[in-house]
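Asks: Here is a sequence together with a model predicted from it:
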Amino acid sequence: MLGMLEALPVAEGTNPTRQPGTDEVRAQVARITESPAFVHSERLCRFLRVAVQRTLDGQPDELKEYNLARDVFDRPEQFDPRVDSIVRVEARRLRSKLRSYYEKYGQQDRIMIAFAPGSYVPEFRERRPEAAAVPVQEQEQAADPNTVAVLPFLDLGSDPEQAYLCDALAEEIIHRLDECPTLKVIARTSSFSFKNRNLDIRDIGRRLGAGTVVEGSVRQAGDQLRVSVAAIDAVTGSSLWSETYDRRATDLFAVEEEIAQRIAEALRVKLAAHASPALHAGGLEAYTLYLKGTHAWNQANPVGFDRAIEIFSKATSLYPDYAPPYAALADVYLAKAMWGNSVPSAALHKGLRSALEALRLDPGLGHAYAILGVSLSRYRWDWDGADLLVNRCLQMAPRDVLAHFYRAFCLLPRGRFEEAAECLQRALELDPLSHRVNRTIGWMHYLERRYDDAAWWFQRSVELGDDSLAPHFYFVQTYLRAGRLKDALREAQQYENTPAGSMMRAVIGEAYALNGDAREARRILRELDTRAEEHYVDSFGRAILQGALQDWESALRWLERAVTERSLWASFIARDPRFDVLRNDPRFTRLLDRMNLS
């Protein structure tokens, strides 16, 4: 139906006899921009609002490419649409997102907004009542009350340093509830995606597939805490249980356990009789540092990683017998090794030491086995040992999302795609809105050479609110392998002037080279050489750029260096299609032998 709407004339299921009123259209725009399809896409929301408002104001002639570039995308007066395709690219994305919105979230909406191909002027239509989809309420009634989503708690205090406490309290309640085998608890990444968003609980529950939603607030004044919490039926919106706790900050552990127990009682399930000693063994101060470090780590960017390492290291220094910060350090070091802002071999070595120390202190800390396994797979290329360790974590904690993700990360370099798909599917069930899981499913399809499927998953990550460069990094590579060279170059050029890391710069150069612009590709290669004088640059990036320039001798030298440095990207070369030309070269075969990937 929506595909016909773009073609205009009038789409099936719309009412050609009545044009919606101005207030109705504005209300529809608000509904669209507040939906999950749009809420994280600030530029597209701005594009939609400007286009709709000027049309309603009787100024459709103002919706030209130059005006939109200046007014929506902050391009300068000298903007040239022949050089910069930002408006055309974003208009295509806007049409796609509107289709996705009406297919998923706007099935009940009466007002349809669409853009005809090649036009920046929106069309408004009223949908006929009989065209409405199955009532949302009927879908909600199927929700399982024992599927629980715990939202981040609101911070009602005045001290920004206490913001970590709200997230931490919600996370620990998630961990406690997850101990109950009869509950399915939505992972943190998905439930926390609704932070600072004023959405109806019933809508949140439907999007997460949760029948019960837990929300709360925290106010701290000195050593006094006031924690208010409620468990809500996500189908009806009615309260199952609510309570307020006034406690001293030193009673934080007890508050977490009491809240989790009361939620369990409301759902008529039974929790384990005791909380994990691993989190509490270091006392309140050690636990607080661990929570602050986790808060920084969850920012998932280089600044957050460095801050997390600083805090976790302080915790291990002050409380050397407390295990969780050691395991968390190993997680952060793996991320630094992955995204090229630290020499991979050095970061992995630090991560291995941290994970081993965590297990020495607490052999029952399941997650430490998973991070130890995935680090071992890259540092020593010990794939079988990694399997044993990650599987041990899954035996101890079968609903550990990162453990399922890490196992897939160990299976993909060996081409064990069916097993990896099972792991990623399980991770997706536990954490449906995770950008990382969605992107990795796309990467798996890339390695399988299923490029259309890969692009679909990268686009899904973007639509879920992934505003990082990661999905676009993957898009460029996927389009290049699929032969969509112009699409790859357009995608790359959008991010050419952003503060991209060395790997993103490398694939931008690859796009230029494969589009025949060797001069620009070599300029980027020289830029990477200059960067390497002051900062670490992943050798794998220069290997792919040299390959794109058809200098396979240099590409092989850089690949050898990347393997020596333990580049995590190099671990995929046995399956990466860009290296097909080297498959019969004995030097490439020796590299695979070194990594136990023959």
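Replies: Received the coordinates, thanks. Residues are numbered from 1 along each chain as shown.
Asks: Ignoring the adjacent residues along the chain, who's closest to the residue most central in space within the chain?
Replies: The chain has H435 as the residue nearest its centroid, 2.1 Å off, counting by C-alpha atoms, centre = their mean. Nearest in space to H435, with sequence neighbours left out and distances taken as C-beta to C-beta, 6 or more residues apart in numbering, is D466 at 3.9 Å. (C-beta placed from N, C-alpha, C; glycine too.)
Asks: ok, the one you found touching R439?
Replies: Yes - D466 is within contact range of R439, at 7.2 Å (criterion: C-beta atoms under 8 Å).
Asks: Below-threshold pLDDT in the stretch 201-350 of the chain: ranges please.
Replies: 252-253, 269-284, 300, 340-341 (pLDDT under 70).
Asks: The residue nearest to H435: what secondary structure?
Replies: Per DSSP: H, G, I helix; E, B strand; the rest coil, the secondary structure class of D466 is coil.
Asks: give me phi/psi at it?
Replies: phi -70, psi 100 (degrees, to the nearest 10).
Asks: Averaged pLDDT, stretch 544-551. What do you get?
Replies: Averaging the model's pLDDT scores along stretch 544-551 yields 96.
Asks: okay, now Y66: neighbour count?
Replies: 13 (other C-beta atoms under 10 Å).
Asks: if I pick it, what's in contact with it?
Replies: Counting by C-beta atoms under 8 Å, 6 or more residues apart in numbering, Y66 makes contact with 79, 81.
Asks: Domain map for the protein?
Replies: 2-133, 140-275, 469-598 (automatic domain parsing).
Asks: now the first one: mean pLDDT?
Replies: Averaged across domain 2-133, the pLDDT comes to 75.
Asks: rewinding a little: what residues are up against the residue nearest to the centre of the chain?
Replies: Per C-beta under 8 Å, 6+ apart, neighbours of H435: 189, 461, 464-466, 468, 470-471.
Asks: Please check the residues you listed and keep the buried ones.
Replies: 189, 461, 464-466, 470-471 (16 or more other C-beta atoms under 10 Å).
Asks: show me where the stretch 351-500 of the chain has helices.
Replies: 366-379, 383-396, 401-411, 417-430, 435-447, 451-463, 470-481, 485-494 (DSSP state H, counting those that start in this stretch).
Asks: want to throw those into JSON lines with distance to G501?
Replies: Formatted as JSON lines, the helices of the stretch 351-500 of the chain follow (distance: least, C-beta to C-beta, whole Å):
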{"stretch": "helix 366-379", "distance to G501": "19"}
{"stretch": "helix 383-396", "distance to G501": "26"}
{"stretch": "helix 401-411", "distance to G501": "19"}
{"stretch": "helix 417-430", "distance to G501": "24"}
{"stretch": "helix 435-447", "distance to G501": "15"}
{"stretch": "helix 451-463", "distance to G501": "17"}
{"stretch": "helix 470-481", "distance to G501": "9"}
{"stretch": "helix 485-494", "distance to G501": "14"}
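Asks: Could you list every helix and strand in contact with the helix or strand containing L525?
Replies: Assessed by DSSP states H and E, L525 sits inside helix 518-531. Helix 518-531 sits against helix 502-514, helix 539-548, with contacts defined as 3 or more C-beta pairs under 8 Å, 6 or more residues apart in numbering; DSSP states H and E.
Asks: For it, report the contacting residues that lie outside it.
Replies: 502, 505-506, 508-510, 512-513, 537, 541-542, 545-546, 548-549.
Asks: got the residue ranges for the strands in the chain?
Replies: 14-15, 111-115, 122-127, 147-150, 154-155, 184-185, 212-221, 224-233, 239-248 (DSSP state E).
Asks: partner strands of the fifth one, parallel or antiparallel?
Replies: I take that to be strand 154-155. Partners of strand 154-155 in the sheet, by DSSP bridges, are strand 212-221 (parallel).
Asks: count of residues packed around A420?
Replies: 25.
Asks: So it versus R407, what's the distance?
Replies: 8 Å (C-beta to C-beta, to the nearest Å).
Asks: Kindly report the same for D246.
Replies: Distance of D246 to R407, computed by C-beta to C-beta: 44 Å.
Asks: which one of these two has more residues nearby?
Replies: R407 (28 against 12).
Asks: got a list of what that one touches?
Replies: Contacts of R407 by C-beta under 8 Å, 6+ apart are 370, 387, 390-391, 394, 420, 423.
Asks: Which residue lies closest in space to G304, excluding its sequence neighbours?
Replies: For G304, the spatially nearest residue (C-beta to C-beta, 6+ apart) is A296, at 4.9 Å.
Asks: quick one on the thing from earlier: would JSON lines of the helices of the stretch 351-500 of the chain with distance to Y333 and mean pLDDT be doable?
Replies: As requested, the helices of the stretch 351-500 of the chain are exported to JSON lines (distance: least, C-beta to C-beta, whole Å; pLDDT from 0 to 100):
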{"stretch": "helix 366-379", "distance to Y333": "8", "mean pLDDT": "93"}
{"stretch": "helix 383-396", "distance to Y333": "16", "mean pLDDT": "93"}
{"stretch": "helix 401-411", "distance to Y333": "14", "mean pLDDT": "92"}
{"stretch": "helix 417-430", "distance to Y333": "21", "mean pLDDT": "90"}
{"stretch": "helix 435-447", "distance to Y333": "17", "mean pLDDT": "93"}
{"stretch": "helix 451-463", "distance to Y333": "24", "mean pLDDT": "87"}
{"stretch": "helix 470-481", "distance to Y333": "19", "mean pLDDT": "92"}
{"stretch": "helix 485-494", "distance to Y333": "30", "mean pLDDT": "90"}
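Asks: which one of those lies closest to Q220?
Replies: When the helices of the stretch 351-500 of the chain are compared by C-beta to C-beta, helix 366-379 sits nearest Q220, at 28.1 Å.
Asks: for that closest one, the distance to its chain's centre please.
Replies: Its chain's average C-alpha position is 21 Å from that of helix 366-379, according to C-alpha atoms, centre = their mean, to the nearest Å.
Asks: Same question for stretch 404-423.
Replies: With C-alpha atoms, centre = their mean, you get 18 Å for stretch 404-423.
Asks: Equivalent analysis for stretch 249-269, please.
Replies: 29 Å.
Asks: and what of stretch 551-561?
Replies: 32 Å.
Asks: Counting neighbours, show which residues of it come out buried.
Replies: For stretch 551-561, by 16+ other C-beta under 10 Å, it's 551-552, 554-561.
Asks: Residues touching that stretch, excluding its own?
Replies: So stretch 551-561 is in contact with 539-540, 542-544, 546-547, 570, 573, 579, 581-582, 585, 587-588, 591, going by C-beta under 8 Å, 6+ apart.
Asks: Derive a PyMOL selection command for the buried subset of those residues.
Replies: Typed into PyMOL, the line below selects the buried ones among the contacts of stretch 551-561, using 16+ other C-beta under 10 Å:
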select buried, resi 539+540+542+543+544+546+547+570+573+579+582+588+591
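Asks: Closest one of the contacts of stretch 551-561 to Y105?
Replies: I544 (38.3 Å).
Asks: Please name the residues that touch the closest one.
Replies: By C-beta under 8 Å, 6+ apart, the neighbours of I544 are 506-507, 510, 555, 578.
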